[in-house]
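K.L.:
sequence unknown, structure follows:
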């Protein structure tokens, strides 16, 4: 549910409510996050303290594991505003 705004959505046959970036089921259980990859990379650099290269490589491998085929990771640094 990455990047969605607050609202009610359907995922895998369940109603999911997104509020302040947090996704919850009707019963109140955690159903994930609306965090986008660029914000995740920024958080890894600014909050966790990884280098930009380390954070981009983490994002790259995650994307590849999900079946995406992004450009060479070194070319991705221009898309992240720190």
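P.N.:
Happy to help now that I have it. Computed from a predicted model, the values in this text were never measured in an experiment. Residues are numbered from 1 along each chain as shown.
K.L.:
neighbours of the residue nearest to residue 54 when sequence neighbours are not counted, just the number please.
P.N.:
Closest residue to residue 54 apart from its sequence neighbours, by CB to CB, 6 or more residues apart in numbering: residue 44 at 7.5 Å. For the C-beta atoms, the positions are set from N, CA and C on the backbone; glycine is no exception. As a burial measure, residue 44 scores 19 neighbours (other CB atoms under 10 Å).
K.L.:
correct me, but residue 44 touches residue 56?
P.N.:
No. Under the criterion of CB atoms under 8 Å, residue 44 makes no contact with residue 56, lying 9.1 Å away.
K.L.:
and the residue nearest to residue 54, what does it touch?
P.N.:
In this structure, residue 44 makes contact with 50, 54-55, 58, judged by CB atoms under 8 Å, 6 or more residues apart in numbering.
K.L.:
for residue 65, same thing?
P.N.:
For residue 65, the set of contacting residues under the criterion of CB under 8 Å, 6+ apart is empty.
K.L.:
if I look at it, how far off is residue 29?
P.N.:
From residue 65 across to residue 29, the span is 25 Å (CB to CB, to the nearest Å).
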